[in-house]
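Okay, sequence plus prediction incoming.
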Amino acid sequence: MFKNKRTTIGEILSYLEHETDFTPAIPLNAFVLRLRNLSSNDYKLQTITDETIANFDAAEVVNLGFNAAFLKLKDSYLEKGKFTKYEFDSFKKALRDIADDFKDGGINRGLYYYLDANMEQLNKHSYTDKYHSILEYLVKVMRNTIREHLVEGKQ
């Protein structure tokens with residue numbers, strides 16, 4: 001829509017009217033600034049820099065969440081004898097996979113599949129009985145830690 005400058009406004013209004021539930025209106029000041037910035041190399045450089053910083057910050061914050069969940073796993077399950085070393089290692093790997101998916105935008109599949117990929121001979125029945133609530137809790141710890149750090153960063 002932004003390639004042909006002669007028909008940009010018409011195409012955007014048509015898109016808004018036919019393809020969305022929004023009212024076909026454009027805030028002109030923001031629109032003009034956006035068009036000007038799209039043509040500017042400085043804007044492109046700034047966007048790349050901001051995205052790189054955001055990716056670095058996101059990875060750092062997600063790692064903080066992973067570490068909080070990992071420590072909870074270690075303290076509450078391994079050290080108290082509720083998990084074997086094998087179960088602990090499987091959960092650690094599943095949490096790492098979940099953290100990696102968080103960095104990429106969110107969880108793409110059910111929690112069972114994360115643990116199934118890291119624990120041999122796991123079936124849905126034993127997962128539901130033994131591990132579901134634990135993994136769900138650890139993911140909640142991870143999310144809450146990430147949320148806390150993001151809220152702190154905005155202040």
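Done, it's in.

Please enumerate the helices of this structure.
Here the chain has its helices, by DSSP state H, at 8-19, 28-38, 41-73, 85-103, 111-116, 124-126, 132-154.

which residues does residue 117 contact?
Residue 117 makes contacts with 93-94, 97, as judged by Cβ atoms under 8 Å, 6 or more residues apart in numbering. (Each C-beta comes from the backbone N, C-alpha and C, glycine too.)

repeat that with 10 Å
Contacts for residue 117 were tallied using Cβ atoms under 10 Å, 6 or more residues apart in numbering; they are 90, 93-94, 97, 109.

quick one: which of the residues you listed is most hemmed in?
residue 94 (24 neighbours; other Cβ atoms under 10 Å).

wait, isn't that residue in contact with residue 136?
No - using Cβ atoms under 10 Å, residue 94 is not in contact with residue 136; the gap is 11.6 Å.

shared neighbours of the two, which are they?
Both residue 94 and residue 136 are in contact with residue 111, where contact means Cβ under 10 Å, 6+ apart.

I'd like the contacts of residue 117 written out as TSV, with pLDDT added.
TSV is the format used below for the contacts of residue 117 (pLDDT from 0 to 100):
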residue	pLDDT
90	95
93	95
94	94
97	92
109	71
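
what's around the residue nearest to residue 139 when sequence neighbours are not counted, how many residues?
Nearest residue to residue 139, sequence neighbours excluded (Cβ to Cβ, 6 or more residues apart in numbering): residue 98, at 6.1 Å. Using other Cβ under 10 Å, residue 98 has 26 other residues around it.

so what's residue 98 up against?
Shown in contact with residue 98 (Cβ under 10 Å, 6+ apart): 62, 65-66, 69, 106-109, 111, 114-115, 135, 138-139, 142-143.

Please apply the same query to residue 103.
55, 58-63, 66.

By neighbours, which of these wins?
residue 66 leads the contacts of residue 103 on contacts (other Cβ under 10 Å) with 23 neighbours.

Wait, that one touches residue 96, no?
Yes - with contact defined as Cβ under 10 Å, residue 66 and residue 96 form a contacting pair (6.6 Å).

where do the contact lists of these two overlap?
Joint contacts of residue 66 and residue 96 (Cβ under 10 Å, 6+ apart) do not exist.
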